[in-house]
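>>> coords please:
(one chain, ligands or ions: 2)
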Amino acid sequence: MEGIQILSHLASSLEAGRTLFLGIHVLGIACFAYIVTKRLVPLARAERDHRFDRPLDRLGKVLKFWFGQWKHPRYRTAGTLHILIFTGFILLAMRAFTVLIAGVSQNFVMPGLSGRAGQVYDIITDYAATVVFLCMLFAMARRLVFKPARYAVPARFGKAHTADAIFLLGLIAALMLADSFFAATKAAAQAQQGQPAEALAVFTLPWMLQIALASVALPTLGSCYFGAYLVHEITFYFLLCYRPFGIQFHVETSLFNVYFSKLDKGTLKPVRWEVSDEHLDQVKSFGVKTFEDFTWKHMLDFYSCADCGRCSDNCPANAVGRPLSPRFISIKGRDYAFQHYPMFGKPGNGTALIGNVYSEDEVWSCTTCGACEEECPLLVENIDKIVDLRRGLVDDGNVPQSLQKPLKALESRGNPYGKMEKKRADWANAKEFQQTCRVNIVAAKGATTSGADTLYFVDSITSYDDRMQSIGRATARILNHVGENFGILGAGERDSGHEVRRFGEETLFMALRDHNVEAIKASGVTRIVTADPHAFNALRHDYKDVPPVEHISQVIAREVEGGKIKFNPVENDGDVYAYHDPCYLGRHNQVYDDPRKVLDAIPGLKRVEMKRCRDRSFCCGGGGLMLFYEPKEEQRMGVKRVQMAAEAGANVIVTACPFCMVNMEDAIKVAGLEGKMTAVDLTELVDQQIARQRPVVDEVCVRQIQQECVTGR
Ligand code: SF4
Ligand code: SF4
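Ligands and ions are numbered 1, 2, ... in the order given. Sure thing, here's the model as predicted:
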């Protein structure tokens with residue numbers, strides 16, 4: 001507040017309480033320092049994390065996500081409320097500080113806020129205090145009357161958090177009220193004494209209170225002034241010290257949480273930071289088994305979660321009734337920290353998390369789709385924690401029954417189906433296909449290089465699944481059409497290991513990766529293309545020292561733009577298409593536009609967007625080895641997804657991932673939409689619609705494509 005030229009009545013009332021105020025300051029600051037120090041104890045005992053690199057990128061994140069509140073408008077009402085409150089807090093910070101100092105030094109003026117600047121600041125903050133006060137009332141009404149579903153706490157996760165939220169909102173409202181009352185009493189006293197009264201912004205809380213206090217006697221105003229100061233000071237320090245005991249701790253931690261957040265999407269943390277792969281065999285225990293196995297950043301996540309429920313609101317596992325709600329991954333972690341690292345007494349000894357805090361089903365239910373992380377305004381990370389918990393389970397031999405067989409097959413045969421390595425390229429040997437397209441084996445392990453520039457990395461599902469082989473053939477024909485000098489690794493290829501890694505089997509992943517890296521290097525290719533977003537993500541983020549990789553949709557979009565790919569009009573112009581963003585193409589790698597550009601380039605193709613699209617896409621349920629795991633759920637994710645497509649008015653769902661295709665086609669049957677809806681991969685659609693210029697080949701080609709589309713082979 002500007003200046004403290006306080007009337008003698010008011011000045012003497014504050015003067016009388018100076019020692020008391022000073023005592024509260026010292027006590028408040030000491031308590032806060034003690035509490036925060038205690039809260040930091042588990043972080044000091046936690047595993048290392050690597051978050052001090054690329055400071056400029058990190059500052060950029062702070063500007064965008066913390067200061068700019070970037071994610072908040074995704075939920076319009078709650079987001080607007082939060083932005084108003086956050087802005088109010090930022091504006092009011094100096095005013096609160098000035099008011100606090102007034103109790104011990106009445107003539108204190110914040111540097112830069114004397115004279116006109118101070119008057120302008122006072123007017124702005126009068127409005128800010130009023131807006132924050134009104135936001136508190138509105139937020140309380142939302143919690144008590146409107147009760148958004150995402151705030152509800154399912155019985156298995158404990159009691160509702162409403163009372164705590166209301167209490168905190170009430171405290172902030174009280175602080176705003178005390179601040180306004182303090183300003184109003186001063187202005188009222190000035191007016192009564194015929195002095196130029198401090199200008200209070202019209203229609204604000206202080207302005208209204210000043211009017212109400214206009215006829216109050218001066219001595220009473222002195223008492224009100226004293227009381228308002230005392231309430232303000234006590235509420236301020238109580239809030240400061242109470243916040244680290246609940247969801248409001250994010251006010252203190254969120255800035256740091258955003259600064260230290262993950263910079264690269266699609267990546268996964270190593271088993272142990274600063275332990276190289278070669279030295280992993282010296283690590284006694286993999287993954288997270290006790291709380292202290294989490295990294296300090298993951299603990300900071302727990303403290304920073306604001307319990308807003310946005311993550312769970314978007315989590316497909318939660319939506320279909322699986323026993324997983326990412327919000328409670330954080331809340332339960334935070335509760336554990338509070339209970340086992342108490343304010344007084346010694347911290348408890350690390351108890352096993354699985355069985356006591358998290359359940360096995362909860363941990364296995366995640367598809368690693370990333371919807372929760374995409375939505376979180378505070379950039380809380382869940383996938384790394386879940387994968388670390390899985391690593392711990394795998395390390396202890398707790399692998400779900402249904403996953404044991406595919407894992408063994410991956411170990412012995414390099415694919416989860418247990419099929420022979422030499423059959424890996426069989427999809428390319430079909431006679432009719434060979435009439436339309438030749439696929440070279442670039443270099444089996446140990447062989448000489450083939451001279452191909454581009455490697456088409458096929459991965460297991462497209463290589464071995466009868467239905468998905470059609471995606472392989474379509475991809476090859478597209479690459480052939482645009483004149484790409486490409487080949488495949490054939491028997492030399494192993495599963496990319498993407499799902500294996502996210503399942504928590506790091507050692508097996510490393511074996512698969514090393515084999516592939518060696519084969520890729522031996523092939524001499526300079527770039528890689530894949531039609532499988534999981535392989536795309538693995539090659540891009542989990543592998544090192546391999547040539548640059550592109551998803552086929554990026555290649556097609558470029559060739560459409562460059563004119564090498566032209567399309568025939570769609571035959572049935574009554575069809576309506578909806579594009580389903582695969583999680584590992586969209587959210588994890590931000591390829592949203594290219595597939596849409598390709599679809600929009602097909603003459604006559606009508607496309608609609610599903611409500612949940614792009615970075616809010618709804619996972620089909622295929623990630624994280626989920627094709628081999630039967631989780632407890634009320635409904636299949638894929639079924640929900642095809643219903644969303646139907647609601648959008650589509651009868652053709654297009655995807656760009658073989659895992660999605662498996663789930664979509666299955667879901668269409670389960671949802672009873674057979675005959676009403678079809679699923680097609682982008683490559684299959686492009687292959688079918690390409691306007692080919694060589695009529696002889698074209699005829700055979702079209703026959704082959706049509707046959708594949710009809711038979712689904
Ligand atoms: S993790 Fe993020 S999105 Fe989820 S409840 Fe916490 S703050 Fe909200
Ligand atoms: S990654 Fe997907 S499935 Fe896993 S917790 Fe987050 S939203 Fe849920």
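>>> what's around the residue of the stretch 51-200 of the chain at minimum distance from ligand 2, how many residues?
At 13.2 Å from ligand 2, residue 150 is the closest residue in the stretch 51-200 of the chain, using Cβ to the nearest ligand atom. In this view, the C-beta of every residue, glycine as well, is placed from N, C-alpha and C. Here the number of neighbours of residue 150 (other Cβ atoms under 10 Å) works out to 18.
>>> so it sits right up against residue 311, yeah?
No - using Cβ atoms under 8 Å, residue 150 is not in contact with residue 311; the gap is 9.3 Å.
>>> Against residue 172, how distant is residue 96?
Residue 96 sits at a distance of 11 Å from residue 172 (criterion: Cβ to Cβ, to the nearest Å).
>>> quick one: which of those two has more around it?
Neighbour comparison, residue 96 and residue 172: the larger count goes to residue 172, with 21 against 17 (by other Cβ under 10 Å).
>>> I'd assumed that one was in a helix, is it?
Yes - with DSSP: H, G, I helix; E, B strand; the rest coil as the criterion, residue 172 is located in a helix.
>>> Leaving out chain neighbours, which residue sits closest to it?
Of all residues not flanking residue 172 in the chain, residue 136 sits nearest, at 5.3 Å (Cβ to Cβ, 6 or more residues apart in numbering).
>>> Mind listing what's buried along the helix or strand containing that neighbour?
Element membership of residue 136 [criterion: DSSP states H and E] is helix 115-141. Neighbour-count burial for helix 115-141, counted by 16 or more other Cβ atoms under 10 Å, picks out 118, 121-123, 125-136, 138-140.
>>> Ramachandran coordinates for the residue in the stretch 601-713 of the chain positioned nearest to ligand 2?
Nearest residue of the stretch 601-713 of the chain to ligand 2: residue 619, at 6.0 Å (Cβ to the nearest ligand atom). When read as degrees, to the nearest 10, the backbone of residue 619 gives phi -60, psi 140.
>>> Then residue 358?
Dihedral pair for residue 358: phi -120, psi 150, per degrees, to the nearest 10.
>>> How much space separates the residue nearest to it when sequence neighbours are not counted from ligand 1?
Residue nearest to residue 358 in three dimensions, not counting chain neighbours: residue 389, with 6.3 Å by Cβ to Cβ, 6+ apart. Relative to ligand 1, residue 389 is positioned 16 Å away (Cβ to the nearest ligand atom, to the nearest Å).
>>> can you pull out the strands in the stretch 101-250 of the chain?
In the stretch 101-250 of the chain, no strands are found when defined by DSSP state E, counting those that start in this stretch.
>>> Name all residues that make contact with the residue most central in space within the chain.
Geometric centre of the chain, nearest residue: residue 373, 1.0 Å, by Cα atoms, centre = their mean. Listed by Cβ atoms under 8 Å, 6 or more residues apart in numbering, the contact partners of residue 373 are 311, 379, 380, 381, 382, 383.
>>> Let's see if you can find the most crowded of the residues you listed.
Neighbour-wise, these (other Cβ under 10 Å) top out at residue 380, 29 neighbours.
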